[in-house]
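> below: sequence and its predicted model.
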2 protein chains.
Amino acid sequence: MKLSPVAIFHGPFREKFGIPRQSGLADTLEGTVVLEKAFASPEALRGLEAFGRIWLIWGFSANRQEGWSPTVRPPRLGGNKALGVFATRSPYRPNPLGLSCVRLERIEGTVLHVRGADLMDGTPIYDIKPYIPYADAFPEAAGGFVDEVDWPELTVVLPAGTPLSETETEALREVLAQDPRPRYQQDPQKVYGLSFGAWNVRFRVEGNILTVLTVN
Amino acid sequence: MKLSPVAIFHGPFREKFGIPRQSGLADTLEGTVVLEKAFASPEALRGLEAFGRIWLIWGFSANRQEGWSPTVRPPRLGGNKALGVFATRSPYRPNPLGLSCVRLERIEGTVLHVRGADLMDGTPIYDIKPYIPYADAFPEAAGGFVDEVDWPELTVVLPAGTPLSETETEALREVLAQDPRPRYQQDPQKVYGLSFGAWNVRFRVEGNILTVLTVN
């Protein structure tokens, strides 16, 4: 099957570092889904505004050439346990499709304003579907390895007077609380740089405290 | 993007008539997901058995050639209201991808035994992902037009002594309770024939009672 993008995602992450590891982890994070020209009819979205959430099926474009292997090492398990690729949401899969459930805030023409996406800016979207609770929501389903590990959030300390809006501040806080560092890095002196929209965010982590040094 | 099937679905429906309109509506319905040769490594499934549910991303192969239009008429609305294609789960979409959450019963080698699928026998599967409740389960999300309509189930009357197993009987009952008739057909004399696995099921509907005449 050949797929063509029906839309492009736009959001504050232009590189992989910092992108939440699943949708919903940074629930305030804003983004837009912009229908591509060939599909840019408001008619194609009629009735979607009555849904609180939507599915995005999208392409892991940044690493398509790297191929796949039968097992992967999920970051949530510290990178030291190999699981089957189909038992994870890893991008390195036979068909590099991503699946994300995002909040639908509003629709303007052929632009969907969403929150909570775990997508990079420029990501091609191959399908948009309404979230249907009776078919999609199973809060009691056993969650495999995801249930087995604690994923404690960091406490985020922001400097006073950043140039960020209130919403951006809250979204950045959610993003950083997830601890974007590679699992094996624990150097409290190391300064990390995160590209967040127009801003460059520098931070350090000591224990479970993440301190933002500058936002500019 | 070009996709290759990673697996093929096998189940009791060899034609479209009778297939539940979403996954989960016939929760007992058995099916198997058989990994394709190029991906048939038990390693690729390691750890998946600890998940209660999985996502299948699959292809609407039977109607790919029919193309898409910006609006469709969902059967749930009686076929008389047009909605945007992206506001529905209609098969007639720009990229004919289906998304279904099914129960994972067990894994044998490279065969996944599932329940509740809304897929036709022979459907190509392009991705298998674990269902992760914190990222996927939002029972309170507003369900758009799906919330607006009642979809009363039919009472199913089965004849005594069919050749079906207990599980098949329960699955058939769930399938028929969904009322597989086209929305506009209300003739109580009309006899419908449903292909269900090896069986041919003949039934009639009067009011909200569906009576199975024969199973053979």
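Great, that's in hand. Numbering: from 1, shown residues only, chains lettered A, B, ... in the order given.

> any idea which element the closest residue in space to residue A:7 that isn't next to it in sequence lies in?
Of all residues not flanking residue A:7 in the chain, residue A:125 sits nearest, at 4.0 Å (CB to CB, 6 or more residues apart in numbering or on different chains). (Glycine included, C-beta is placed from N, CA and C.) In this assignment (DSSP states H and E), residue A:125 forms part of strand A:124-130.

> what about that strand, distance to the chain center?
Relative to its parent chain, strand A:124-130 has a centroid offset of 15 Å by CA atoms, centre = their mean, to the nearest Å.

> so is the longest strand seen in chain A next to chain B?
The strand spanning the most residues in chain A, taking DSSP state E as the definition, is strand A:97-108. Yes: using CB under 8 Å from any CB of the partner chain, strand A:97-108 reaches chain B at A:97, A:99-101.

> for the least confident helix or strand in chain A by mean pLDDT, packing partners?
Ranking every helix and strand in chain A by mean pLDDT, DSSP states H and E puts helix A:144-148 at the bottom, with a mean of 85. Here helix A:144-148 touches no other helix or strand, going by 3 or more CB pairs under 8 Å, 6 or more residues apart in numbering or on different chains; DSSP states H and E.

> contacts only, for the most centrally placed residue in chain A.
Nearest to the geometric centre of chain A sits residue A:118, at 1.0 Å (CA atoms, centre = their mean). Contact analysis of residue A:118 by CB atoms under 8 Å, 6 or more residues apart in numbering or on different chains lists A:19-23, A:25-26, A:98, A:100.

> measure it to residue A:24 for me?
As defined by CB to CB, to the nearest Å, residue A:118 lies at a distance of 8 Å from residue A:24.

> do residue A:132 as well
The gap separating residue A:132 from residue A:24 is 17 Å, by CB to CB.

> residue A:90 against residue A:74, yeah?
Yes: assessed by CB atoms under 8 Å, residue A:90 is found in contact with residue A:74 at 6.8 Å.

> what comes up buried for stretch A:132-140?
Neighbour counts over stretch A:132-140 (16 or more other CB atoms under 10 Å in any protein chain shown) mark A:132-133, A:135-138 as buried.

> pop the domain breakdown of chain A in here.
A:7-144, A:150-215 (automatic domain parsing).

> so after the longest helix along chain A, what's the next helix or strand?
Longest helix in chain A, counting residues (DSSP state H): helix A:166-177. Downstream of helix A:166-177, the next assigned helix or strand under DSSP H and E is strand A:192-196.

> so what does that following strand touch, helix or strand wise?
Secondary-structure packing of strand A:192-196 (3+ CB pairs under 8 Å, 6+ apart): helix A:166-177, strand A:199-206.

> any stretches of chain A with poor pLDDT?
Chain A contains residues with pLDDT under 70 at A:62-66.

> neighbours of residue A:161, how many?
By the measure other CB atoms under 10 Å in any protein chain shown, the count of residues near residue A:161 is 7.

> contacts only, for residue A:19.
By CB under 8 Å, 6+ apart, the contact list for residue A:19 reads A:13, A:118-120, A:180.

> at 10 Å what do you get?
Taking CB atoms under 10 Å, 6 or more residues apart in numbering or on different chains, we find residue A:19 in contact with A:11-13, A:25-26, A:29, A:117-121, A:123, A:175, A:178, A:180.

> now name the helix or strand holding it.
For residue A:19, there is no helix or strand it lies in under DSSP H and E.

> next one: phi and psi at it?
Per-residue torsions, residue A:19: phi -60, psi 130 (degrees, to the nearest 10).

> end-to-end on stretch A:138-146?
Terminal residues of stretch A:138-146 lie 15 Å apart, using CA to CA, to the nearest Å.

> who touches it?
Defining contact as CB under 10 Å, 6+ apart, one finds that stretch A:138-146 is touched by A:22, A:74, A:76-77, A:81, A:83, A:87-89, A:147, B:24, B:47-54, B:101, B:103-104, B:130-140.

> picking up where we left off before, report the buried residues of the helix or strand immediately after the least confident helix or strand of chain A in the chain.
Sequence order places strand A:155-157 as the next helix or strand after helix A:144-148, per DSSP H and E. Buried residues in strand A:155-157, defined by neighbour count with 16+ other CB under 10 Å: residue A:156.

> against which helices or strands is strand A:155-157 packed?
Strand A:155-157 is packed against helix A:166-177, strand A:199-206, strand A:209-215, with contacts defined by 3 or more CB pairs under 10 Å, 6 or more residues apart in numbering or on different chains; DSSP states H and E.

> mind doing that once more with 6 Å?
helix A:166-177, strand A:209-215 (3 or more CB pairs under 6 Å, 6 or more residues apart in numbering or on different chains; DSSP states H and E).

> and the residue in chain A sticking out farthest from the centre, what does it touch?
In chain A, the greatest distance from the average C-alpha position (CA atoms, centre = their mean) is reached by residue A:43, at 27.7 Å. Counting by CB atoms under 6 Å, 6 or more residues apart in numbering or on different chains, residue A:43 touches B:70-71, B:84.

> just the ones of these in strands?
B:71, B:84.

> among the contacts of residue A:43, which are within reach of chain A?
Restricting these to those touching chain A (CB under 6 Å from any CB of the partner chain) yields B:70-71, B:84.

> need the buried ones from those residues selected in PyMOL.
Here is the PyMOL command that selects the buried residues among these (16+ other CB under 10 Å):
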select buried, chain B and resi 70+71+84
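
> how about residue A:134, secondary structure?
Three-state assignment for residue A:134 (DSSP: H, G, I helix; E, B strand; the rest coil): helix.

> which residue sits closest to it, ignoring its sequence neighbours?
residue B:24 (6.9 Å).

> quick one: what helix or strand has that neighbour in it?
Assigned by DSSP H and E, residue B:24 belongs to no helix or strand.

> count the neighbours of it for me.
With other CB under 10 Å as criterion, residue B:24 counts 22.
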